[in-house]
Structure formats: C-alpha cells, structure tokens
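Engineer: Next input, structure requested:
(chains A and B)
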Amino acid sequence: MKLREVEKLLEAQTLAGTQRLDDLVIETAGAADLMSDVLAFSHPGTLLLTGLATVQSISTADIADIKAIIYVRGKHPDIEVVTKAEERGIPLLCTSLGMFECCGRLYRAGIRDDGHAAR
Amino acid sequence: MRPDDRQSDRVPLLKQRWEVQGGNFITAGNVSTKIKDLLKEIQISPDLIRRLAICCYEAEMNIVMYAGKGSMTLEIHSSELVLIVEDQGQGIPDINLAMQEGWSTATEAMREKGFGAGMGLPNIKRNADKFDLTSKLGQGTTLRVSITLT
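Structural biologist: Below is the predicted model of the structure:
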C-alpha cells in the first residue's frame, strides 16, 4: 500500500515528506511509544505508529531504518521535529485517531505486523 | 592469518572521535547519525550499518541520560567496525544487574523521552559481535563493541 493510501485510510495529515507519498510502499507496521522497543524489536523498512511526537522519534526512526512515522492520538510535533524529519528524509504524518484504531484499519487493509512479517 | 595481516589490522583504516554532551536531549542522537552517514558513505552493508547505528544510539542516549559528558570513537578496520564509548559518569555499581532486560535507574523525565526501560545495554549486546563493558564507581564507564565485516 502506498503511503498516500495510508494517509487517507488513517485520516492523516502529512507534515514532512509530502513528495514521497506516492513512492513509498508500506507492507509492515509497528506500534510503540517506547523508543527502546523500536530499537530492540523493529525491522528495517517498517511504518512506525507512535504517540511520542519528539525529536527522539525522528532520531530513532533514522537509526532503525524506519520508512515513515505516524503520530497518533492527535499528537502534534514542534516545528524542530518536522524540520529534522525533512532533513533526514523521513515522512511524518499525524492523525487524531487512536493507536488501536490505526492498527485495526491498517491490518484490515493488509498491512502486517513488523515482527511477525520478519519471522 | 599471516603476522603482517594481524599487525595491519591493529591500526584502523579510519579513526574518528566525537564528544557527547550529557543531559542534552535536543542534540541526543546527533553523533550516532553522523556515524551512520559516514558508514553509508564508505558503502558498508545496510544490515551492518543498522546494527552499529543501534549500538551507537543506545550508548549515546546512555551518556545523555546518565553521564555529564562522554565520547564516542569509531574505528574502521579491514575486518571489523569498532565502537568505543567512554563517559565520566558515576559508573555502574553492578554490571550483571545492568545487563538484565528491564532493570533501570531511569527517571520519569527519561521515560517520557521514550527511553530508560532497561533495554539499552542488552540491545547493544544483541547487535554486537563482541561486547566489553567496564565501569569504575565515581570515575565512569567504558564500552567497547565490535561488528565483524562480512
């Protein structure tokens, strides 16, 4: 599924990386508020759903080769966070939907768990 | 391995050192990003870069969270990538305990940043081929990890 379809499905707004919405294909996703868990359990190329709208989420995604980030529960990042996402080429989306709802919609649309897909 | 080869591998092909400022969550991760970019430039395989970058970032966050200051040194050898992390923090009283997943002395402020869950050191060990951690109370901690180039 293209990132643009994810944007529509999750009623999201794109804050950074608009130019990549039609290029990036999303097959797996992971949801975590704990960046330690993202570093420990994620796999490269996945979509990250998180409620942690800080600069650490960008750094973590960058280090762990996360394809794109979606901030859930209406979390809105500061401008510094958006700037860093642009600089590092990581698309950043935000939605007012909750984590559970986002995961459910993505799963129903065929996106699979990051860890499960890798096993 | 011939003696000459062993000798040549002791001297890194590239060595670079960065200072890390403790307590600064805004710049936390910048050194790890630089190291990752450098490894990409010299075309190390993405899997190995990711593993070393995770070691770097976890270690950098440890300096930021627990030490006043520290440094990170990257050595690129023909057969391995070596990361040496030194800090002048308070030291780790019980390394065996610190290596247990979930054991943490993190404050609530650290947890709000998404860290401090006691996953860092075990995750570094998981991603490294060699892992050596030494610490002296009141003086600081030295971590040396290496990843074999395949």
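Engineer: rest of the way, CA atoms for contacts and neighbours
Structural biologist: OK.
Engineer: What segments of chain A are helices?
Structural biologist: In chain A, helices defined by DSSP state H lie at A:3-9, A:35-41, A:55-63, A:79-88, A:99-108, A:114-118, listed in chain order.
Engineer: typed the wrong thing, it's chain B
Structural biologist: Assigned by DSSP H, the helices in chain B fall at B:3-10, B:30-41, B:46-66, B:95-98, B:108-112, B:120-127.
Engineer: between these, which gets nearest to residue A:95?
Structural biologist: Ranking the helices of chain B by proximity to residue A:95 (CA to CA) places helix B:108-112 first, at 20.5 Å.
Engineer: Tell me the residues of chain A that contact chain B?
Structural biologist: Neighbours of chain B within chain A, by CA under 8 Å from any CA of the partner chain: A:33-37, A:39-40, A:52, A:54-56, A:59-60, A:62-65.
Engineer: switch to 10 Å and redo it
Structural biologist: Residues of chain A lying near chain B by CA under 10 Å from any CA of the partner chain: A:32-41, A:43-44, A:51-60, A:62-65, A:80-81, A:88.
Engineer: who touches the spatially most central residue of chain A in this structure?
Structural biologist: In chain A, the residue lying closest to the centroid (CA atoms, centre = their mean) is residue A:69, at 2.2 Å. Taking CA atoms under 10 Å, 6 or more residues apart in numbering or on different chains as the criterion, residue A:69 is in contact with A:14, A:16, A:29-31, A:46-50, A:53, A:57-58, A:61, A:85, A:90-94.
Engineer: Name whatever forms a beta bridge with it.
Structural biologist: Note on residue A:69: beta-bridge partners residue A:48, residue A:92, judged by DSSP bridges.
Engineer: From chain B, how far out is it?
Structural biologist: Distance, residue A:69 to chain B, using CA to the nearest CA, to the nearest Å: 15 Å.
Engineer: quick one on the thing from earlier: in JSON lines: the helices of chain A, plus mean neighbour count.
Structural biologist: Shown next, in JSON lines, are these (neighbours: other CA atoms under 10 Å in any protein chain shown):
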{"stretch": "helix A:3-9", "mean neighbour count": "17"}
{"stretch": "helix A:35-41", "mean neighbour count": "20"}
{"stretch": "helix A:55-63", "mean neighbour count": "24"}
{"stretch": "helix A:79-88", "mean neighbour count": "16"}
{"stretch": "helix A:99-108", "mean neighbour count": "15"}
{"stretch": "helix A:114-118", "mean neighbour count": "14"}
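Engineer: Spatially nearest residue to residue B:135 (excluding sequence neighbours)?
Structural biologist: residue B:141 (4.2 Å; CA to CA, 6 or more residues apart in numbering or on different chains).
Engineer: Next, count neighbours for residue A:49.
Structural biologist: The tally of other residues near residue A:49 (other CA atoms under 10 Å in any protein chain shown) stands at 22.
Engineer: next one: residue A:2
Structural biologist: Residue A:2: 14 neighbours (other CA under 10 Å).
Engineer: Could you tell me which residues make contact with the residue lying closest to it once chain neighbours are set aside?
Structural biologist: Spatial nearest neighbour of residue A:2, chain neighbours left out: residue A:25 (4.4 Å); criterion: CA to CA, 6+ apart. Residues in contact with residue A:25, defined by CA under 10 Å, 6+ apart, are A:1-6, A:45-47, A:67.
Engineer: Which part of chain B gets nearest to chain A, residue-wise?
Structural biologist: Residue nearest to chain A within chain B: residue B:114 (4.4 Å; CA to the nearest CA).
Engineer: Quickly note the distance from the residue nearest to residue A:2 to chain B.
Structural biologist: According to CA to the nearest CA, residue A:25 and chain B sit 19 Å apart.
Engineer: confidence score at that residue?
Structural biologist: Note for residue A:25: predicted pLDDT of 97.
Engineer: same deal with residue B:105?
Structural biologist: Residue B:105 is assigned a pLDDT of 83 by the prediction.
Engineer: and it, backbone torsions?
Structural biologist: phi -110, psi 20 (degrees, to the nearest 10).
Engineer: on that earlier part again, the residue of chain B closest to chain A reaches residue A:33, doesn't it?
Structural biologist: Yes. Using CA atoms under 10 Å, residue B:114 makes contact with residue A:33 at a distance of 6.4 Å.
Engineer: okay, and the common contacts of those two?
Structural biologist: Residues touching both residue B:114 and residue A:33 (CA under 10 Å, 6+ apart) are A:51-52, A:57.
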